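Student: everything below, folded, please.
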Amino acid sequence: MENISRRSLITAGLGAGLVAALPGTAVADPAAVRPGVAVSTADDAGLRTNPFTLGIASGEPWPDGFVIWTRLAVNPLAEDGLGGMPSRNAAVAWEVAEDPAMRRVAARGVEHARSETAHSVHVELKGLKPGREYFYRFRTGRHLSEVGRTLTSPAPGETPAALAMAFASCAQYEHGYFTAYKRLAEDHPDLVLHLGDYLYEYKKGSYVIGGGNPRDHEGPETVSLAGYRQRHAQYKSDADLQAAHAIAPWLVVWDDHEVDNNWADDIPENNDAAQRHH
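Tutor: Predicted coordinates:
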């Protein structure tokens with residue numbers, strides 16, 4: 001790392017780390033957001049219980065914005081991967097502010113959590129100030145998420161006086177509790193780099209260490225969309241992981257276990273023809 005300048009890391013790795021817009025993605029420019037759209041206007045599709053069970057997250061910081069994310073789920077571990085949500089869409093209002101009390105609002109809008117994307121919400125912000133700390137939250141009906149902290153990257157060519165980064169990788173849910181994520185959040189980093197194996201695809205009992213795993217995966221080995229949605233939801237239900245996502249923006253890479261152990265090109269671990277057709 002000594003041969004990599006902080007400036008090259010920030011401007012190339014962060015500022016250029018734009019994500020491609022996905023179906024249902026909102027690209028929000030504060031100048032284009034109607035000031036009359038308040039967080040309390042979103043219809044929750046009749047939800048009686050809090051749907052923000054998977055927390056909130058931000059990532060892909062660039063000089064004038066970042067991504068903010070949440071997913072509505074009243075039953076996160078539902079076998080069909082749909083989080084126990086009704087089949088209809090739900091309006092989700094979001095706000096980005098310059099203070100944790102959410103009084104100095106910089107941008108706000110409403111996005112729809114759609115059933116075909118398992119009621120996830122993915123908002124790409126632009127038009128914000130570079131090198132700044134921001135705060136964000138979501139609401140659907142009377143249900144309000146926690147407030148998250150995030151940052152824009154510095155303007156191109158600028159070098160910050162300090163940049164606190166945290167690194168994580170290889171987080172096997174079954175092999176231990178995520179207290180390291182809790183400690184990470186307590187350090188208030190400016191950026192979290194996850195270097196792969198955010199989750200593991202194994203079914204319960206197939207990867208046991210020591211005298212036994214302290215906790216288990218739900219569902220079969222992840223080979224289907226429903227299975228991956230359920231597995232992601234199980235990991236994101238962890239309070240310590242939620243704290244790490246809520247404290248800073250993340251940049252992530254993926255490794256084998258996000259797909260299949262030791263896969264190579266189109267060849268999975270066991271070279272199973274049926275598995276390759278999923």
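Student: output the below-cut-off pLDDT ranges for the chain.
Tutor: Along the chain, segments meeting pLDDT under 70 span 1-45, 272-278.
Student: mind giving me the domain split of it?
Tutor: Recorded structural domains for the chain (assignment: automatic domain parsing) are 1-161, 164-278.
Student: in JSON lines: those domains, plus mean neighbour count.
Tutor: The way it works is simple: take the backbone N, C-alpha and C, and place the C-beta from them, glycine included. Formatted as JSON lines, those follow (neighbours: other Cβ atoms under 10 Å):
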{"stretch": "domain 1-161", "mean neighbour count": "18"}
{"stretch": "domain 164-278", "mean neighbour count": "16"}
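Student: beta partners of the spatially most central residue of the chain?
Tutor: Note on the chain: the residue nearest the mean C-alpha position is Ala57, at 4.2 Å, using Cα atoms, centre = their mean. With DSSP bridges applied, Ala57 shows beta-bridge pairing to Trp69.
Student: which secondary structure elements does the longest helix belonging to the chain sit against?
Tutor: For the chain, the helix reaching the highest residue count under DSSP state H is reported as helix 225-236. Contact analysis of helix 225-236 by 3 or more Cβ pairs under 8 Å, 6 or more residues apart in numbering; DSSP states H and E lists helix 239-247 as its packing neighbours.
Student: contacts for the helix it packs on next, please.
Tutor: Counting by Cβ atoms under 8 Å, 6 or more residues apart in numbering, helix 239-247 makes contact with 54-58, 146-149, 168, 171, 177-182, 184-185, 188-189, 192, 235-236, all of which sit outside it.
Student: now do it and helix 225-236, the angle between them.
Tutor: Orientation check (axes from the mean of the first three to the mean of the last three Cα atoms, to 10 degrees): helix 239-247 against helix 225-236 gives 90 degrees.
Student: next secondary structure after helix 239-247?
Tutor: Remark: after helix 239-247, the chain's next helix or strand is strand 250-252, criterion DSSP states H and E.
Student: from the contact counts, what lies against that next one?
Tutor: With contacts taken as 3+ Cβ pairs under 8 Å, 6+ apart, strand 250-252 sits against strand 56-62, strand 191-194.
Student: can you list the strands that the shortest one pairs with?
Tutor: Put plainly, it is strand 191-194. In its sheet, strand 191-194 lies beside strand 165-168 (parallel), strand 250-252 (parallel), with partners assigned from DSSP bridges.
Student: what's downstream of the first one, the next helix or strand?
Tutor: Using DSSP H and E, the helix or strand that directly follows strand 165-168 along the chain is helix 179-186.
Student: contacts for that following helix next, please.
Tutor: Outside helix 179-186, the residues within contact range by Cβ under 8 Å, 6+ apart are 166, 168, 171, 192, 238-241, 243-244, 246-247.
Student: okay, the helices and strands packed on strand 250-252 in JSON lines with distance to Asp256 next?
Tutor: Shown next, in JSON lines, are the helices and strands packed on strand 250-252 (distance: least, Cβ to Cβ, whole Å):
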{"stretch": "strand 56-62", "distance to Asp256": "21"}
{"stretch": "strand 191-194", "distance to Asp256": "14"}
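Student: in three-state terms, how would Val123 be classified?
Tutor: Secondary structure for Val123, judged by DSSP: H, G, I helix; E, B strand; the rest coil, is strand.
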